[in-house]
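A.B. asks: need coordinates for the following:
(one chain, ligands or ions: 1)
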Amino acid sequence: MKKIFIKTFGCQMNTRDSEFVAGILVDKGFRLSDSMDTAEVIIFNSCSVRKHAEERLFNNIDCLKKLKKKNTELVIALMGCTAQAYGPKAIDRSPLIDIVCGTGNETDLPRLIKDVLKKRCRIIAADKVNEKKPEAFPKYRENKFKALVSIGEGCNNFCSYCIVPYVRGRERSRDAKDIIREVKDLAARGFKEVLLLGQNVNSYRAACGKDFINILKDINKIKDIERIRFMTSHPRDAHTELFRAMRDLDKVCEHLHLPLQSGSDRILKLMNRKYNSKKYLKLAEDYKRMVPGGSITTDVIVGFPSESSGDFKKTCDILKEINFDSAYTFKYSPRAGTKSSKLPDDVPPEVKASRLEFISRLQCGISGERNRYLVDKTVEVLIEGTNKKDKAFLIGRTRTNKPAVFKGSVSLTGKLAEIEVESVTPYALRGRIAG
Ligand code: SF4
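C.D. replies: Numbers count the residues shown, from 1 in each chain. All right, here's what the predicted structure looks like:
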């Protein structure tokens, strides 16, 4: 059977979609390859959120020119957000592509690949953007103890800079019973941690009336699941009920990712984020009070249209005031079809670059300080295996989602351990197994 290689760009939703597609392909008899060079079908799962990610994607595809010349039978498929956004234009952009598979057409991929292999044609399938995925989930999982579990897809928020509502459609919550069935099955197979995924988990609402807090409570009761994480919370919909659940449900990890995007109310309004800095600060304060020792992380965009140095300073001030554990910082880039793409992209590239550098340095200092208070403390980690950057060490993650490196036997992979923290950097903890 044909060998498939999947290259994933973008967020954890995309990682889960790639795993899902790998599963359905394996169930249909395809084999997974760990190298592009030996694969007979290469699938790119794409991200459209930023221009840079899109450029990297097409550069990666263009690099296959030689391989495709050598192996004329090679099939190249594009799936994910860029496939949905571009449709047939993806082939104009890169004529090496044989299949364009939109975000709602992923379950059709095995058939599309077989058709292209048989008929040597090109196929565009990007007509089901608002469809729910079927519940007959394949068993295949990349990890053996941590699982990504989608609780819904799409988004209704239409932040002015964001392409997601257009390429992933309107919000669709999965049935609560299907999510619970999936997590029970994962627990029975030895999984310890689940990461619940949705574009905006706080607006989850099942047809039966259950909301996100109900889902957390139901999963918290599932035997053998040790940790529950979730991503992403929208500040508009996050509330103290969520923080209470994080405090009271023993398996829900003390980590909140709450995208700020900007500290300027004027920019937040232009971004159509539907909250202001006062509301955000109050949420962060409530979270810190109700979940002591919890970590808080965020996303920030610099250089949004008309962002002045005063607006940028307000973002920096909030970073300092909240003391985030970490922040993902990005330069604004207009996405075709979004509202903000119609605004003049008037912050010069060099100003965007210098603001990005400034804010990254600022956050680096804050993250270092935040981690320093953990020195000499003991933290629980779920051991993920050998540290790729230094194979002499293992790596694990704390409940607050901080990476920790330490010495130990690789046979401990997938187990929980207590680590005594000896030193820290802004990005990780270093220590030894307690006892
Ligand atoms: S909440 Fe806003 S940024 Fe997040 S996916 Fe929806 S539209 Fe995009």
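A.B. asks: from now on I want contacts and neighbour counts done on CA atoms only, so please keep to that.
C.D. replies: Will do.
A.B. asks: next, residue 286: secondary structure please.
C.D. replies: Put simply, residue 286 is helix when judged by DSSP: H, G, I helix; E, B strand; the rest coil.
A.B. asks: please tell me I have it right and it contacts residue 240.
C.D. replies: Yes: with contact defined as CA atoms under 8 Å, residue 286 counts as touching residue 240 (6.9 Å).
A.B. asks: these two: which is more packed in?
C.D. replies: Higher neighbour count among residue 286 and residue 240: residue 286, with 15 against 12, using other CA atoms under 10 Å.
A.B. asks: could you list the buried residues of stretch 99-115?
C.D. replies: Residues 99-107, 109-110, 112-113 are the ones in stretch 99-115 that count as buried (16 or more other CA atoms under 10 Å).
A.B. asks: how about stretch 264-278?
C.D. replies: 264-265, 267-268, 270-277.
A.B. asks: can I get it in PDB, CA atoms only?
C.D. replies: Provided in PDB are the C-alpha atoms of stretch 264-278 (Å, rounded to 0.1, in the frame of the first residue of the first chain):
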ATOM      1  CA  SER A 264      -5.100  49.500  23.800                       C
ATOM      2  CA  ASP A 265      -8.900  49.700  23.900                       C
ATOM      3  CA  ARG A 266      -8.900  51.600  20.600                       C
ATOM      4  CA  ILE A 267      -7.000  48.700  18.900                       C
ATOM      5  CA  LEU A 268      -9.100  46.100  20.700                       C
ATOM      6  CA  LYS A 269     -12.200  47.700  19.200                       C
ATOM      7  CA  LEU A 270     -10.600  47.800  15.700                       C
ATOM      8  CA  MET A 271      -9.800  44.100  16.200                       C
ATOM      9  CA  ASN A 272     -13.500  43.400  17.100                       C
ATOM     10  CA  ARG A 273     -12.300  41.600  20.200                       C
ATOM     11  CA  LYS A 274     -15.400  42.600  22.200                       C
ATOM     12  CA  TYR A 275     -13.600  43.200  25.500                       C
ATOM     13  CA  ASN A 276     -11.500  46.100  26.800                       C
ATOM     14  CA  SER A 277      -8.300  46.200  28.900                       C
ATOM     15  CA  LYS A 278     -10.300  46.800  32.100                       C
END
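A.B. asks: which residues touch it?
C.D. replies: 157-161, 235-236, 261-263, 304, 307, 311-312, 314-315, 340 (CA atoms under 8 Å, 6 or more residues apart in numbering).
A.B. asks: could you restrict those to the ones contacting the ligand?
C.D. replies: 157-159 (CA under 6 Å from any ligand atom).
A.B. asks: what helices or strands is the helix or strand hosting residue 217 leaning on?
C.D. replies: Assessed by DSSP states H and E, residue 217 sits inside helix 212-220. Where contact means 3 or more CA pairs under 8 Å, 6 or more residues apart in numbering; DSSP states H and E, helix 212-220 is packed against helix 176-188, strand 227-231, helix 240-248.
A.B. asks: I'd like to know which of the ones you listed is closest to the ligand.
C.D. replies: Proximity to the ligand (CA to the nearest ligand atom) singles out strand 227-231 among the helices and strands packed on helix 212-220, at 10.6 Å.
A.B. asks: helices or strands up against that closest one?
C.D. replies: strand 193-197, helix 212-220.
A.B. asks: wait, which of those is closest to residue 319?
C.D. replies: Ranking the helices and strands packed on strand 227-231 by proximity to residue 319 (CA to CA) places strand 193-197 first, at 25.2 Å.
A.B. asks: looking at this structure, which residue ends up farthest from its center?
C.D. replies: Ranked by distance from the centre of the chain (CA atoms, centre = their mean), the top residue is residue 119, with 35.9 Å.
A.B. asks: report the spatially nearest residue to residue 284, omitting neighbours in sequence.
C.D. replies: The shortest distance from residue 284 to any non-neighbouring residue, by CA to CA, 6 or more residues apart in numbering, is to residue 322 (7.0 Å).
A.B. asks: can you give me the pLDDT of that neighbour?
C.D. replies: Residue 322 is assigned a pLDDT of 98 by the prediction.
A.B. asks: just to revisit the earlier point, of all the buried residues of stretch 264-278, which comes closest to residue 292?
C.D. replies: residue 277 (22.1 Å).
A.B. asks: is it true that residue 94 touches residue 62?
C.D. replies: Yes: using CA under 8 Å, residue 94 is in contact with residue 62, at 6.9 Å.
A.B. asks: and residue 129, how far from residue 5?
C.D. replies: The spacing between residue 129 and residue 5, counted by CA to CA, to the nearest Å, is 24 Å.
A.B. asks: which of the two has more neighbours?
C.D. replies: The residue with more neighbours, out of residue 129 and residue 5, is residue 5; 21 against 18, by other CA under 10 Å.
A.B. asks: next one: phi and psi at the more buried one?
C.D. replies: phi -120, psi 130 (degrees, to the nearest 10).
A.B. asks: try residue 416
C.D. replies: In terms of degrees, to the nearest 10, the main-chain angles of residue 416 are phi -90, psi 140.
A.B. asks: ok, the spatially closest residue to it that is not a sequence neighbour to residue 435 distance?
C.D. replies: In this structure, residue 416 finds its nearest non-sequential neighbour in residue 382, 4.5 Å apart by CA to CA, 6+ apart. For residue 382, the distance to residue 435 equals 17 Å [CA to CA].
A.B. asks: residue 355 too?
C.D. replies: Here residue 355 is placed at a distance of 45 Å from residue 435 (CA to CA).
A.B. asks: tell me the pLDDT of the residue in the stretch 301-435 of the chain that the ligand sits nearest to.
C.D. replies: Relative to the ligand, the nearest point of the stretch 301-435 of the chain is residue 338 (9.8 Å; CA to the nearest ligand atom). At residue 338, the pLDDT value in this model is 97.
A.B. asks: check residue 51 too.
C.D. replies: Per-residue pLDDT puts residue 51 at 89.
A.B. asks: show me what contacts it?
C.D. replies: Contacts for residue 51 (CA under 8 Å, 6+ apart) come out as 333-335.
A.B. asks: got a winner among the residues you listed for most neighbours?
C.D. replies: Highest neighbour count within these: residue 334, with 22 neighbours (other CA under 10 Å).
A.B. asks: how about the nearest residue to that one, chain neighbours excluded?
C.D. replies: With sequence-adjacent residues excluded and distances taken as CA to CA, 6+ apart, residue 334 is closest to residue 341, at 4.8 Å.
A.B. asks: need the phi and psi values for the one you found.
C.D. replies: With angles defined as degrees, to the nearest 10, residue 341 sits at phi -70, psi -10.
A.B. asks: same question, the one 4 residues further on
C.D. replies: For residue 345, the backbone dihedrals are phi -80, psi 70 (criterion: degrees, to the nearest 10).
A.B. asks: ok, residue 404 touching residue 397?
C.D. replies: Yes: contact criterion CA under 8 Å: residue 404 and residue 397 qualify, at 5.9 Å.
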